[in-house]
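1. the following comprises the amino acid sequence and a computationally predicted model.
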Amino acid sequence: MAEGATTIHAEIGAAVWKIAAPAGTVVAEEEPVVILESMKMEIPVLAPHSGTVLELLVEEGQQVEEGQPLATLRR
Amino acid sequence: MLGPVLIANRGEVAARIARTCRRLGIESIAVFSEADAAALHVEAADRAEPIGPAHPRESYLSIFALLEAARRSGARMVHPGYGFLSERTEFAEACASAGLVFVGPSPAAIRAMGGKAEARALAEKAGLPCLPGDPGADQSDEALEAAAARVGFPVMIKAIGGGGGRGMRLVASPEGFAAALAAARREAAIFGDDRVMLERAVPSARHIEVQILADAHGTVLHLGERDCTLQRRHQKLVEECPAPGMSPALREELGRRACTLARAVGYVGAGTVEFIAEAPLHPDRVWFMEMNTRLQVEHPVTEMVTGLDIVEWQLRVAAGEALPFRQEDIAWGGHAVEARLCAEDPSRNFLPSPGRLALLRLPAEAEGLRVDSGIREGDALSPFYDSMLAKVIAHAPTREAALEKLAAALDGCVAEGVRLNAAFLAAALRAPEMREARMDTRFLEAARKRLLDSLAKEPALP
């Protein structure tokens, strides 16, 4: 992982519903990077700070476990 | 004339519809996905038909699978419940083409009320007060910024294709508009449509809605209002009837508005006209929001206070019967409050909590206490389906007594294996904001931590 990069994790076991910010996207703090879905609820996983999305570690449709890394973000 | 009824849904609402069918002696047919073969709603019906895999797209949302199930089972009517296909014009049309009676309004009425902007235009034309707004006909930044100035601040930016609070942004003043517009568009685009509309925001809002009932012979009447102010993520968690602070004159006025709109779209069946209101309640501070062309989750509070079974009248009206009562026959007795039990964790910002219900204790039904449930101990809660598992509804002579009766019933709810919001909702029902009817639509989220702290101080019941 690149130095100074933040890893964003899944808070809950869910399906990856949508990649909101593909690699290379510049996001603001609290903007969604990945959107998970569980029990008919979309759960946006937000950027903890502004930056550039470096890498997506999951694909749309994939099942993820609680705590699983989803993406990396560089300030 | 009535039945057999195919119940094109699952969970508590499917079980609840089957209950009325049984009482009326109408044959009911459940449908189930592979995940639901042993579900409570299957047991509640007389017969059941498999409709496909667990993923709702291949079962509960598959018009083809449902029509096949109707054909195989010999059903003559289809009740869509709420959610899933209940407000899909194509489903109502497909039922009609297959010679089935769809228990709901005409496809034209569903379509007319289906789009936010179109519904609002129709309501305005019918004379219903709406908040100042702009339908977003011109989506350029300049046009929307000018429209926001015209509408007035604070303004709400809403995704035209949104729902459930998606793409909504509250903007307090003109300075913040451009950035909020960009953010709302990006969020809306994720859901496939980046167009937005504007509406004046009501800072401290109450959600009030009117239940209507109309037959195919020209009778349109209302069953009074519900207050659904307690929400999280723009979804209701607690509803009550009547709304605190509602005068008979204002009830009549809102009922008149709801019936006017229903007549304007040729509405037949049960429906709900939703309003946004600002306390203290006054005719000048209640504005039309949208119409739901189906049974609402919270219909039981109206049933307990009016003594009417709304599902029964949906079925009778769909079969062509005339409503045998008039507006002056509708009376409201006592106060009813409903809580939605969800598999979710309020301490983690209401994150859903799928899993296996290793242990479940729900309150027993009693005089003035109703439990509409779709689950039992041992059931697996699939991440494919809604987190709402059951509803507990209390009815008492006064609001105070109903709130306490419901809170006490929630105290007795126990679940293991998944997180349940029962204790959190009991704390909300006992909060001074709720007791004194000072709540607004932001209350549950704003007071979340305080309510959780109040629970931590009193050890939970065993």
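-> In hand now; what should we look at?

2. shaky segments in chain B?
-> B:1, B:162-165, B:458-462 (pLDDT under 70).

3. residue numbers of it in contact with chain A?
-> B:166, B:183, B:186-187, B:190, B:233, B:343-344, B:348, B:351-354, B:381, B:383-387 (Cβ under 8 Å from any Cβ of the partner chain). (Glycine included, C-beta is placed from N, CA and C.)

4. try it again with 7 Å
-> Within reach of chain A by Cβ under 7 Å from any Cβ of the partner chain, chain B has these residues: B:Ile190, B:Ala343, B:Leu351, B:Pro352, B:Pro354, B:Pro383, B:Tyr385, B:Asp386, B:Ser387.

5. looking at these, which are in helices?
-> Counting by DSSP state H, the members of the residues of chain B next to chain A that fall within helices are B:Ile190.

6. okay, among the residues of chain B next to chain A, which ones form the most distant pair?
-> Of all pairs drawn from the residues of chain B next to chain A, the widest gap by Cβ to Cβ lies between B:Ile190 and B:Ala343 and measures 25.2 Å.

7. any idea what the residue positioned nearest the centre of chain A is bridged to?
-> In chain A, the C-alpha nearest the mean C-alpha coordinate belongs to A:Val34, at 3.8 Å (Cα atoms, centre = their mean). Beta bridges link A:Val34 to A:Ile19, A:Val45 when assigned by DSSP bridges.

8. who's in contact with it?
-> A:Val16, A:Ile19, A:Ala20, A:Val45, A:Val58, A:Leu70, A:Ala71 (Cβ atoms under 7 Å, 6 or more residues apart in numbering or on different chains).

9. what does B:Ala409 give?
-> Applying Cβ under 7 Å, 6+ apart, the residues near B:Ala409 are B:Pro363, B:Leu369, B:Val392, B:Ala394.

10. nearest to B:Ala143, out of the residues you listed: which one, please.
-> Out of the contacts of B:Ala409, the member with the shortest distance to B:Ala143 (by Cβ to Cβ) is B:Val392, at 48.0 Å.

11. which residue does chain A bring closest to chain B?
-> Minimum separation of chain A from chain B (Cβ to the nearest Cβ) falls at A:Met39, amounting to 3.7 Å.

12. surely that residue touches B:Pro383?
-> Yes: A:Met39 is in contact with B:Pro383 according to Cβ atoms under 7 Å; the separation is 5.8 Å.

13. what touches both of those two?
-> B:Pro354.

14. tally up the residues packed near the closest residue to chain A within the stretch 101-250 of chain B, please.
-> Residue of the stretch 101-250 of chain B nearest chain A, by Cβ to the nearest Cβ: B:Ile190 (5.3 Å). For B:Ile190, the neighbour count with other Cβ atoms under 10 Å in any protein chain shown is 20.

15. then the one 5 residues further on?
-> Under the neighbour criterion other Cβ under 10 Å, B:Arg195 is assigned a count of 18.

16. now swap in A:Glu42 and tell me
-> Counted with other Cβ under 10 Å, A:Glu42 comes out at 17.

17. so which residues of the stretch 301-450 of chain B form strands?
-> B:335-342, B:344-345, B:351-352, B:355-356, B:359-361, B:369-373, B:380-381, B:388-396, B:414-416 (DSSP state E, counting those that start in this stretch).

18. tell me which strands the second one pairs with, and in which orientation.
-> Spelled out, that is strand B:344-345. strand B:351-352 (antiparallel).

19. who touches the partner strand?
-> A:Glu11, A:Ile12, A:Ser38, A:Met39, A:Met41, A:Ile43, B:Ala343, B:Glu344, B:Asp345, B:Ser387.

20. mind redoing it with 8 Å?
-> A:Glu11, A:Ile12, A:Ser38, A:Met39, A:Met41, A:Ile43, B:Cys342, B:Ala343, B:Glu344, B:Asp345, B:Pro383, B:Ser387 (Cβ atoms under 8 Å, 6 or more residues apart in numbering or on different chains).

21. shouldn't the fourth one be in contact with B:Asp386?
-> Yes: applying Cβ atoms under 8 Å, one finds A:Met39 in contact with B:Asp386, separated by 6.0 Å.

22. returning to what we had before: distance of the residue of chain A closest to chain B relative to B:Glu87?
-> 20 Å (Cβ to Cβ, to the nearest Å).

23. which residue packs closest to B:Asp309, ignoring adjacent ones?
-> B:Thr20 (5.7 Å; Cβ to Cβ, 6 or more residues apart in numbering or on different chains).

24. nearest to chain A among the contacts of B:Ala409?
-> Looking across these and measuring by Cβ to the nearest Cβ, the closest to chain A is B:Val392, at 19.3 Å.

25. for that closest one, list each beta-bridge partner.
-> Counting by DSSP bridges, the residues bridging with B:Val392 are B:Ala339, B:Val371.

26. so it makes contact with B:Glu338?
-> Yes: applying Cβ under 8 Å, one finds B:Val392 in contact with B:Glu338, separated by 7.1 Å.

27. pretty sure B:Leu369 is touching B:Ala408, no?
-> No: the pair B:Leu369 and B:Ala408 fails to qualify as a contact (Cβ under 8 Å) at a distance of 9.4 Å.

28. list of residues touching the helix or strand the residue nearest to B:Asp309 falls within?
-> B:Thr20 is part of helix B:11-24 when elements are defined by DSSP states H and E. Residues from elsewhere that reach helix B:11-24 (Cβ under 8 Å, 6+ apart): B:2-3, B:5, B:7, B:9, B:27-28, B:30, B:39-41, B:44-46, B:79, B:81-83, B:295, B:297, B:309, B:311-312, B:315, B:372-375, B:385-386, B:388-391.

29. next to chain B, which bits of chain A? Give me the list.
-> Counting by Cβ under 8 Å from any Cβ, chain A sits next to chain B at A:11-15, A:18, A:20, A:28, A:31-32, A:35, A:37-43.

30. filter those down to the buried ones.
-> A:11-15, A:18, A:20, A:31-32, A:35, A:37-39, A:41-43 (16 or more other Cβ atoms under 10 Å in any protein chain shown).

31. which of those residues fall in strands?
-> A:Ala14, A:Ala15, A:Lys18, A:Pro32, A:Ile35, A:Glu37, A:Ser38, A:Met41, A:Glu42, A:Ile43 (DSSP state E).

32. any chance of those residues in TSV, with pLDDT and distance to B:Arg150 too?
-> Output for those, formatted as TSV (pLDDT from 0 to 100; distance: Cβ to Cβ, whole Å):
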residue	pLDDT	distance to B:Arg150
A:Ala14	90	41
A:Ala15	91	42
A:Lys18	92	34
A:Pro32	91	30
A:Ile35	94	33
A:Glu37	92	37
A:Ser38	92	41
A:Met41	86	35
A:Glu42	87	32
A:Ile43	90	36
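
33. and of those, the nearest to B:Gly320?
-> For those, the nearest to B:Gly320 is A:Met41 (38.9 Å; Cβ to Cβ).

34. can you give me the helices for the stretch 151-300 of chain B?
-> Ranges of helices in the stretch 151-300 of chain B, per DSSP state H, counting those that start in this stretch, are B:177-190, B:248-264, B:299-306.

35. verify the stated contact: B:Pro50 with B:Phe32.
-> Yes: with contacts counted by Cβ under 8 Å, B:Pro50 reaches B:Phe32, the gap being 6.0 Å.

36. more neighbours, the two?
-> Using other Cβ under 10 Å, the more surrounded residue of B:Pro50 and B:Phe32 is B:Phe32, with 22 against 16.

37. that one against B:Pro53, yeah?
-> No: at 11.2 Å, B:Phe32 does not count as touching B:Pro53 under the criterion of Cβ under 8 Å.

38. any common contacting residues for the two?
-> B:Ser59.

39. the helix or strand following the helix holding B:Thr20 pairs with which strands?
-> The helix or strand immediately downstream of helix B:11-24 is strand B:28-33, counting by DSSP H and E. Here strand B:28-33 is paired, per DSSP bridges, with strand B:5-7 (parallel), strand B:47-52 (parallel).
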